[in-house]
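# build me a model from this:
(2 chains)
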Amino acid sequence: MIDFLYSILVLGIPFSVSLLLASLGEMYNQRAGIFNLGCEGVMSMGAFVGFVIPYFLIRAGVESGIIYVLGIAGSLAAGALLGLFFGVVVITFKAPQGIAGIGLQMFGVGVAGTLFRHFIGGIASVPGIKPMPVPLLSKIPLVGNIFFNHSLIVYLALILVPVSAWVMNRSSWGLRVRACGTAPRAVDSVGISVDRVRYQSLAVGGALAGLAGAYLSLCQVKMFADTLISGRGFIAVALVYFGRWNPWGILWGALLFSVTQVLQLKIQTMGINVPYEFAVMLPYVLVIIVLTFSNKNFQLGPSSLGKAFDRENRL
Amino acid sequence: MERSEGRIHSLRVEGITKRFPGVLACDDISMAIGEHEILALVGENGAGKTTLMNILMGLYQPDEGSILINNEPVHFKSPRDAFEAGIGMVHQRYMLIPNLTVVENIALGMKEAHKKGVMKLGEVRRKMQEVSDNYGLHVDPEAYVWQLSVGEQQRVELVKTLCYGARFLILDEPTSALTPQETDELLVLLKNMSKQLSIIFISHKLQEVKTLSHKVSVLRHGRMTFSGDTEKYTPAELASFMTGTKVELPVNERIDMKGEAVLELKNLKARSDRGFFALDDLNLTVRAGEIVGLAGVSGNGQKELAEVINGIRRLEGGEIRFFGENIANLTPGKVIEKGMGYIPEDRNTEGIVPSFSIRENIILKDNTTGKYSKKRFLKLGTIAEVSDRLKEQFDIRCPNTTTAAGSLSGGNIQKVILAREIDRSPRFLVAVYPTRGLDMGAAEFIHQQLLELRNKGIGILLVSEELEEIMNLSDRIGIIYKGKIMDVLDGNTAEIKTLGLLMAGVKND
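Next up, the predicted model:
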């Protein structure tokens, strides 16, 4: 039994990282009042850029670890740029956010896939980022492998949870973000630019989504394909609601989802006689059930989510 | 913000003119306020009071004219500049963020609360304490704004403005959403504060203007029509300056219509949003052709009562007999079909759909009946005709009836609701705070309409906090206290003093 749990958890944590990063990014967007359904597209671009930079550098003969640093930096920048691009559409031109988000999703996935086919094509892989065991801690039996034997991005993602909680609740910028998501008019009345704060949050959120994509292509799968993200971006959006716009809640949601994901894989390989489609459904069904019964108290959430701010509009 | 240098000895505006497309909102307005003075700015809805104040705050730029502080001209490009000069404004719609705590709300606009990107809430709390000690304004810094009552939220707004260093306060209709008790407290507070500050307050409640202000200025259609010392004029005189004619609120002549009981409320029990019994064994009867005023301090079950009658809230016990038939817990649609008219408490969220046009709001309750539709298609011609007729009949001031209802002023929104409810010839009307926040002219109009309806033999349940309104209009007055009817008095003989005691829950037999 312990072996079974161990084998689930040891995979569950790395599995959750891309969801966690993308979802934290989406939380920044939503807390500022922007509903970004395009997360999937941003992740896809992040995954592509993160992959393509090391891929070509390896072919050019560069071997050092710097190639992955460049790849990650590229994915952060690509994500942030796409976030800002989305900002131009929904903040400056006040396009409806839901539709614009779907557009961004298709744009990101489509462009990443097309560029990949054009420049690389077929099946290509990179050695990827190697796990970096934490000295001493990783030697603890069971726990060591579950928590302390992962790549650097995993630790970074986990550290980002308390960091995001701090930024949201203790920093000046977090205060402005939270205020913009709920009462932009009040923010405007004290002389703070709502649009600027929202652009900033989109850049941060986009960068995190880009990093989430790069984690998939550089650490988890170590290759790129246009089906790489396969709905994780949308799950990330759902997890923000699941976690009630709170980093810790999002962490639990991401873990719960990926642990059930690993569980269903186990069920399939163990040859238990259930149709595998049911196993595949399990994590999604679980998210729907939890969302259905979770506390609907919007009091603490961003109540102006999805609404463009317009000083002149009094309705 | 230490601004000892920022004392405002005098503030003058000279020749301020502001044009909006098609409207002259402010027309050559001049006025002056000295230190420690309270100036009341009165005028009907849409007279240009708020526009003028928004110019003072730097939200709008004047087309002509200048603002002078201590005789030196100043230019405010944004509210920031106005704060810097020591002017602060409490808006009519509070600028607070409900899901932040009080201290976070205040920190948002305060430079000293932020050091290198980190919030210094201790600094804000210190400042709040200072303001609180200085002016006797107490608020809990750790409470979330959504947990606070309207009166408390207003105190937060005041503290916020003072923490930002305001020496000169502008209050836009500060009492329009307050209960009578909260209003009294606020007036005392402002009186004390004026020892250290200058205050402009916008109002159209002349009784308040009389008690509080030293000077009064009247705006009408964007023009300053009168300025003078408050004490030399009676409220009635001020009212006539406001409207240009003498306003006299109509009074019910109380000719007994000898109607039958049409709405009988028996042993009603219902819970409030917070889960306690807001209606606790409530009994009341309204006959045809009479207005029963329901007096009481808000929060004693009025809201719940109106909702239960209209099927919006679940009734947990008792029955509601409407023309003899029990309508308890029917759906709102069924209750409307039975002929119930309803003027809800919150006109912007329950009375209208703000983004819909006036026309669409007028047909909201009848869009599927033969009146406005034929074979599921809307009769747009009829709708336009009826709307234009109602616009004239109810004096709804708007460019045309395709204007979004939410863009109208409060008084005109209320007229849209009233027009809809009265035009569908209801068999009964529940009117909840029908004149809250309206000016005298609009209130007079609405009172007349209610009395007319009564004289046609319709029963009306009128919920109000304003005793004058209740006394003027009601045939009988029920006093509600903690979800029960304390007593029902005859409108002819009821005295304000007895009402006040009953509203406070004191009953002397």
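# how about the residue in chain A that chain B sits nearest to, nearest residue that isn't a chain neighbour?
Scanning chain A for the residue nearest chain B gives A:V190, at 3.0 Å (criterion: Cβ to the nearest Cβ). Glycine gets a C-beta too; all of them are placed from N, C-alpha and C. Distances taken as Cβ to Cβ, 6 or more residues apart in numbering or on different chains put B:G109 closest to A:V190, at 3.0 Å, once the chain neighbours are dropped.
# how close does the residue of chain A closest to chain B get to B:E452?
Distance, A:V190 to B:E452, using Cβ to Cβ, to the nearest Å: 47 Å.
# ok so, going back, which ones are touching the residue of chain A closest to chain B?
B:P79, B:M95, B:L108, B:G109, B:Y164 (Cβ atoms under 8 Å, 6 or more residues apart in numbering or on different chains).
# what helix or strand is the nearest residue to B:S78 once chain neighbours are set aside on?
Excluding the flanking residues, the one nearest B:S78 by Cβ to Cβ, 6+ apart is B:G58, at 5.1 Å. Per DSSP states H and E, B:G58 falls between elements, in no helix or strand.
# tell me the pLDDT of B:G58.
Per-residue pLDDT puts B:G58 at 84.
# so it sits against B:V74, correct?
No: using Cβ atoms under 8 Å, B:G58 is not in contact with B:V74, being 9.4 Å away.
# any shared contact partners between these two?
Common contact partners of B:G58 and B:V74 (Cβ under 8 Å, 6+ apart): B:D81.
# out of the contacts of A:V190, the closest to chain A would be?
Distance to chain A, by Cβ to the nearest Cβ, is smallest for B:G109 among those, at 3.0 Å.
# show me the contacts for the closest one.
Contacts of B:G109 (Cβ under 8 Å, 6+ apart): A:V190, A:G191, A:I192, B:F83, B:K160, B:Y164.
# buried subset of those, written for ChimeraX?
In ChimeraX, a selection of the buried entries from these looks like this (16 or more other Cβ atoms under 10 Å in any protein chain shown):
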select /A:190,192 /B:83,160,164
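# in helices only, show me the contacts of B:G109.
In helices, judged by DSSP state H, the following of the contacts of B:G109 are found: B:F83, B:K160.
# show me where pLDDT drops low in the chain?
Picked chain A for this. Where chain A drops to pLDDT under 70, the residues are A:294-300, A:312-315.
# that's the wrong chain, I wanted chain B
In chain B, residues with pLDDT under 70: B:1-6, B:22, B:177, B:179, B:245-247, B:274, B:508-509.
# how much space separates the residue most central in space within it from chain A?
By Cα atoms, centre = their mean, chain B has its centre lying nearest to B:G437, at 2.7 Å. Using Cβ to the nearest Cβ, to the nearest Å, B:G437 is found at 16 Å from chain A.
# got it, and B:L178?
20 Å.
# over to B:P426?
For B:P426, the distance to chain A - Cβ to the nearest Cβ - is 28 Å.
# residues in contact with that residue?
Counting by Cβ under 8 Å, 6+ apart, B:P426 has contacts B:G339, B:M340, B:G341, B:I458.
# so which helix or strand takes in the third one?
When secondary structure is defined by DSSP H and E, B:G341 falls within strand B:340-343.
# tell me which strands that strand pairs with, and in which orientation.
Sheet pairing of strand B:340-343 (DSSP bridges) gives strand B:428-432 (parallel).
# give me the contacts around the strand it pairs with.
Contacts of strand B:428-432 (Cβ under 8 Å, 6+ apart): B:262-263, B:286, B:302-303, B:306, B:309-310, B:322, B:339-345, B:421-422, B:450, B:453, B:458-463.
# try stretch A:48-56
A:67-68, A:70-72, A:74-75, A:77-78, A:112, A:115-116, A:119-120, A:124, A:126, A:210-211, A:213-215, A:217-218, A:223-224.
# among the residues you listed, the buried ones, what's the ChimeraX command?
Here is the ChimeraX command that selects the buried residues among those (16+ other Cβ under 10 Å):
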select /A:67,68,71,72,74,75,77,78,112,115,116,120,126,210,211,213,214,215,217,218,223,224
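# A:W173 and A:Q200 touch, don't they?
Yes: look at A:W173 against A:Q200 with Cβ under 8 Å: they come within range, at 7.3 Å.
# okay, now A:I229: neighbour count?
31 (other Cβ atoms under 10 Å in any protein chain shown).
# again with B:E350
With other Cβ under 10 Å as criterion, B:E350 counts 17.
# three-state assignment of it?
B:E350 falls in the helix class when you classify it by DSSP: H, G, I helix; E, B strand; the rest coil.
# against chain A, how distant is the closest residue to it other than its chain neighbours?
Excluding the flanking residues, the one nearest B:E350 by Cβ to Cβ, 6+ apart is B:P344, at 3.8 Å. Distance of B:P344 to chain A, computed by Cβ to the nearest Cβ: 18 Å.
# now do the same contact list for B:P344.
Taking Cβ under 8 Å, 6+ apart as the test, what B:P344 contacts is B:A306, B:E350, B:G351, B:I417, B:V432.
# sorry, back to before: name the nearest of the contacts of B:P426 relative to chain A.
Nearest to chain A among the contacts of B:P426, with distances taken as Cβ to the nearest Cβ, is B:G341, at 25.5 Å.
# the nearest residue to the closest one once chain neighbours are set aside sits in which helix or strand?
Nearest-residue entry for B:G341: B:P426, 3.1 Å, with adjacent residues in sequence omitted and distances by Cβ to Cβ, 6+ apart. Using DSSP H and E, B:P426 sits within no helix or strand.
# please, where are all the helices along the stretch 401-509 of chain B?
B:410-423, B:440-455, B:467-473, B:496-503 (DSSP state H, counting those that start in this stretch).
# what about the closest residue to B:L282 other than its chain neighbours, how many residues nearby?
In space, and not counting its chain neighbours, B:L282 is closest to B:L268: 4.3 Å by Cβ to Cβ, 6+ apart. Counted with other Cβ under 10 Å, the neighbours of B:L268 add up to 28.
# so how far is chain A from the residue of chain B most remote from its centre?
Most distant residue from the mean C-alpha position of chain B: B:K116, 41.7 Å away (Cα atoms, centre = their mean). According to Cβ to the nearest Cβ, B:K116 stands 9 Å off from chain A.
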